[in-house]
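Chemist: Coordinates for the following, if possible.
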Amino acid sequence: MGRIGLQLRATLENITRLRAEGEDFRWYLKLKCGNCGEVSEKWQYLRLMDSAPLKGGRGSATMVQKCKLCSRESSIDILSQTIKPYNAEDSEKFKTIVEFECRGLEPVDFQPQAGFAAEGAESGTPFNDINLLEKDWNDYDEKTKESVGIYEVTHKFVKC
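Modeler: Numbers count the residues shown, from 1 in each chain. Model prediction:
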């Protein structure tokens, strides 16, 4: 399967450097088995800090799991060096914010939740623990006396 990128698109208002914050950030995904096509019913999360050994001592991956339907063992890895912020100039355009190395598992859906961080575009004011579950977020930047927001969050997966 190879590398699959998660692209984000959002409308940013007076905000920049929207990013996944920390090793414990949870990427909530629905995953599909590359062998039988079974899709997980529940959201599963991947974190950089997690590591599971691959069968036969071939290293490790962020997640290793056995398909409930066909029993094939597959893995998916977050490629940490590919995690990128979504900036003010990216507003309303798709941009790859992370890539996954997929071996038998393919992400088919993404649910942004808590743990994002961003900065005021003019002020640099930090905004932490942004929750994008509702696909919209807004706050107020005291330094610039302006409202800030992230709106109409959408995503898609692309082969890299």
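Chemist: On the pLDDT front, check the residue located most distally from the centre of the chain for me.
Modeler: Most distant from the centre of the chain: K145, at 30.4 Å, with distances by C-alpha atoms, centre = their mean. At K145, the model reports a pLDDT of 98.
Chemist: Spatially central, which residue of this protein would that be?
Modeler: Short answer for the chain (C-alpha atoms, centre = their mean): W27, at 4.5 Å.
Chemist: In contact with that one, which residues?
Modeler: Taking C-beta atoms under 8 Å, 6 or more residues apart in numbering, we find W27 in contact with L6, A20, Y45, L46, R47, I78, V98, F110. Just so you know, the C-beta spots here come from the backbone N, C-alpha and C atoms, and that holds for glycine as well.
Chemist: what are the ranges of the strands in the protein?
Modeler: Using DSSP state E, the strands of the chain run over 2-13, 15-20, 27-33, 44-46, 52-53, 60-61, 63-66, 73-79, 95-103, 105-111, 116-120, 126-130, 137-141, 146-159.
Chemist: Out of those strands, which is closest to Y86?
Modeler: Among these, the nearest to Y86 by C-beta to C-beta is strand 15-20 (4.3 Å).
Chemist: Please name every helix or strand in contact with that closest one.
Modeler: strand 2-13, strand 95-103, strand 116-120, strand 146-159 (3 or more C-beta pairs under 8 Å, 6 or more residues apart in numbering; DSSP states H and E).
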